[in-house]
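Undergrad: dropping the sequence and predicted coords here.
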Amino acid sequence: MKAHEMIGLNAVDPAHAGKGIGTAMYEFALARMRQSGMKVATVATGGDPSHAPARRAYRKAGFDVEIPSVWMCRKL
C-alpha cells in the first residue's frame, strides 16, 4: 500500500474561476486517496507570481506544509 500520492497537473478555465470547481476537484481527489489508504497527499506549483492563484487554491484545500525547492533549467 502506498502511503503517499501526488495530485498532478490540473487547472480550472479562468472563465470559470471562483465557482468552487477547483475546491470540488481537490475534495474528490483527496477523498479517493483517503479511501485507498493514502496517508499524505502532495501537490506542486511554481513559486513565481503567475502561480499565486494555484498556491491560494492549494492552501484553501488544506495543503499547509511547504517544502522549498529549486528547478534548474538550461537551454539546449
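TA: All right, it came through fine.

Undergrad: residue contacts, A57?
TA: With contact taken as CB atoms under 8 Å, 6 or more residues apart in numbering, A57 is in contact with 22-23, 26. Heads up, the C-betas are built off the backbone N, CA and C, glycines and all.

Undergrad: so what's the gap between the longest helix seen in the chain and the chain middle?
TA: For the chain, the helix reaching the highest residue count under DSSP state H is reported as helix 21-35. Centroid separation for helix 21-35 versus its chain: 11 Å, with CA atoms, centre = their mean, to the nearest Å.

Undergrad: could you identify the helix or strand that succeeds that helix?
TA: Following helix 21-35 in sequence order, the next helix or strand is strand 40-43 (DSSP states H and E).

Undergrad: the longest helix of the chain - contacts with which helices or strands?
TA: strand 4-7, strand 40-43, helix 52-60 (3 or more CB pairs under 8 Å, 6 or more residues apart in numbering; DSSP states H and E).

Undergrad: and the ones you listed: which comes nearest D13?
TA: Taking CB to CB, helix 52-60 is the member of these nearest to D13, at 12.5 Å.

Undergrad: rewinding a little: give me the buried entries from the contacts of A57.
TA: For the contacts of A57, a burial check counting by 16 or more other CB atoms under 10 Å picks out 22, 26.
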